[in-house]
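K.L.:
sequence plus the predicted model coming up.
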Amino acid sequence: MLRDRPNAVPSAYRGVSVNEVDLPLEEEHLREYFVGKEAWRRTRFLVVRDRAGRTALLTAEKESEEPLFSPIVAVELVAGPDECAYVVAPDADTAVPSELARVAVERAPGSRAVVVQGMYEHISFIVNPAPLRLVVQEVVPPEPAKLYDQVRRLLAVAEDLPPMLPEAEVVSFAELSGRAGPAERYLLPCRGAGVEVPGAVTAYLDERPPHEDWTLLGCHRSAEIHEWFYGSAAPRVEMCPRERPHDGRTAVLAKCCLLEAENARDGGRVVVPWGATLEQVRSALEELAERWDPTWRPV
Ligand SMILES: [Zn+2]
């Protein structure tokens, strides 16, 4: 039953018909009102709003799907006005499951069904929003962390992925320097991201500066480059997100300096190369969806 299905999202918003009525939003009144009425052959769901702005969601069964219009023969209440929210979110593409889930979680937590009026005024819904929590392990700055931002951008247009909600798990260079203990000089992988450590002298490995006694806040790859440049190892604090613990009970996306071309799978975690393309991140999201939510389909 749709009413009990988690993350239920229609396969196409053209199946959603919006109706304004002047009657109590109770199943028997709605049944009496809709059964026998003609509906377009694509219509499968009815969003019903009353004059007070309350909303109910129903499924509709038609006599036939052949002719352009056909009489409704049965309706079933998915969510009544006490459990159905209506949210206007002009920035959300309602054809995208993760966007429906994001709006539901941010704007109508606790609602069984959330109808979203989004971009282009298109209207769709999600029932029992329970998006897959996706932890993105990253380093800042830059802010927002690049991989997390790539994930957000991709999920905002991912029409075919299950609802996913990313959450950044970040460590800053300032925290890493705290782990190193007090040092006067730090060597950081690159100047590009605007990384500085307050109260300390910072040098950047990508500029190949003259050697000093410093502590390297970097990854394996930075350590290899240090050896190559200076013929010696420096004290180092691990920066690579892949080295961080993860409990195996959550979908996790991380990046690793040692990967140069291919994504890697690591239990329930997928690791992309440092500097991954959107294409690589997209394929990591597909893998994570397949691993963590293999049975999800639109309704
Ligand atoms: Zn690494």
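P.N.:
Thanks, I have it. Numbers count the residues shown, from 1 in each chain.
K.L.:
C-terminal to the lowest-mean-pLDDT helix or strand in the chain, what's the next element?
P.N.:
In the chain, the helix or strand scored least confidently by mean pLDDT, DSSP states H and E is helix 173-180, which has a mean of 86. The helix or strand immediately downstream of helix 173-180 is strand 185-188, counting by DSSP states H and E.
K.L.:
list the buried residues for the helix or strand following that next one?
P.N.:
Under the assignment DSSP H and E, the closest C-terminal helix or strand after strand 185-188 is strand 201-204. Across strand 201-204, burial judged by 16 or more other C-beta atoms under 10 Å covers 202, 203, 204. Where C-beta positions appear, they are placed from N, C-alpha and C, glycine not excepted.
K.L.:
identify the residue spatially nearest to the second one, adjacent ones excluded.
P.N.:
Leaving out its chain neighbours, the residue that sits closest to residue 203 by C-beta to C-beta, 6 or more residues apart in numbering is residue 209, at 4.5 Å.
K.L.:
from the ion, how far off is the one you found?
P.N.:
23 Å (C-beta to the ion, to the nearest Å).
K.L.:
does that residue count as helix, strand or coil?
P.N.:
Assigned state for residue 209: coil (three-state reduction, DSSP: H, G, I helix; E, B strand; the rest coil).
K.L.:
what's around it, how many residues?
P.N.:
Using other C-beta atoms under 10 Å, residue 209 has 13 other residues around it.
K.L.:
again with residue 187
P.N.:
Other residues close to residue 187 by other C-beta under 10 Å number 25.
K.L.:
same check on residue 170?
P.N.:
17.
K.L.:
what's the answer for residue 138, then?
P.N.:
22.
K.L.:
repeat that for residue 182.
P.N.:
9.
K.L.:
what's the distance between it and residue 234?
P.N.:
16 Å (C-beta to C-beta, to the nearest Å).
K.L.:
residues contacting the residue nearest the centre of the chain?
P.N.:
For the chain, the residue nearest the mean C-alpha position is residue 165 (3.4 Å; C-alpha atoms, centre = their mean). Residues in contact with residue 165, defined by C-beta atoms under 8 Å, 6 or more residues apart in numbering, are 98, 101, 102, 105, 131, 132, 133, 134.
K.L.:
do residue 203 as well
P.N.:
185, 186, 187, 188, 209, 212, 214.
K.L.:
run the last query once more with 10 Å
P.N.:
By C-beta atoms under 10 Å, 6 or more residues apart in numbering, residue 203 lies in contact with 185, 186, 187, 188, 191, 209, 210, 211, 212, 214, 216.
K.L.:
over to residue 42?
P.N.:
12, 14, 15, 16, 17, 62, 65, 68.
K.L.:
okay, these in JSON lines with secondary structure, pLDDT and distance to residue 52 next?
P.N.:
Shown next, in JSON lines, are these (DSSP: H, G, I helix; E, B strand; the rest coil; pLDDT from 0 to 100; distance: C-beta to C-beta, whole Å):
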{"residue": "12", "secondary structure": "coil", "pLDDT": "82", "distance to residue 52": "29"}
{"residue": "14", "secondary structure": "helix", "pLDDT": "85", "distance to residue 52": "27"}
{"residue": "15", "secondary structure": "helix", "pLDDT": "94", "distance to residue 52": "26"}
{"residue": "16", "secondary structure": "strand", "pLDDT": "96", "distance to residue 52": "21"}
{"residue": "17", "secondary structure": "strand", "pLDDT": "96", "distance to residue 52": "20"}
{"residue": "62", "secondary structure": "strand", "pLDDT": "97", "distance to residue 52": "29"}
{"residue": "65", "secondary structure": "coil", "pLDDT": "92", "distance to residue 52": "33"}
{"residue": "68", "secondary structure": "coil", "pLDDT": "96", "distance to residue 52": "33"}
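K.L.:
which members of those are classed as buried?
P.N.:
Buried, going by 16+ other C-beta under 10 Å: 15, 16, 17, 62, out of the contacts of residue 42.
K.L.:
number of residues surrounding residue 245?
P.N.:
6.
K.L.:
measure it to residue 135 for me?
P.N.:
11 Å.
K.L.:
overlap in contacts, those two.
P.N.:
Common neighbours of residue 245 and residue 135 (C-beta under 10 Å, 6+ apart) do not exist.
K.L.:
now do the buried residues in the top strand by length along the chain.
P.N.:
Longest strand of the chain, by residue count under DSSP state E: strand 69-79. In terms of neighbour count (16+ other C-beta under 10 Å), strand 69-79 has its buried residues at 70, 72, 75, 76, 77, 78, 79.
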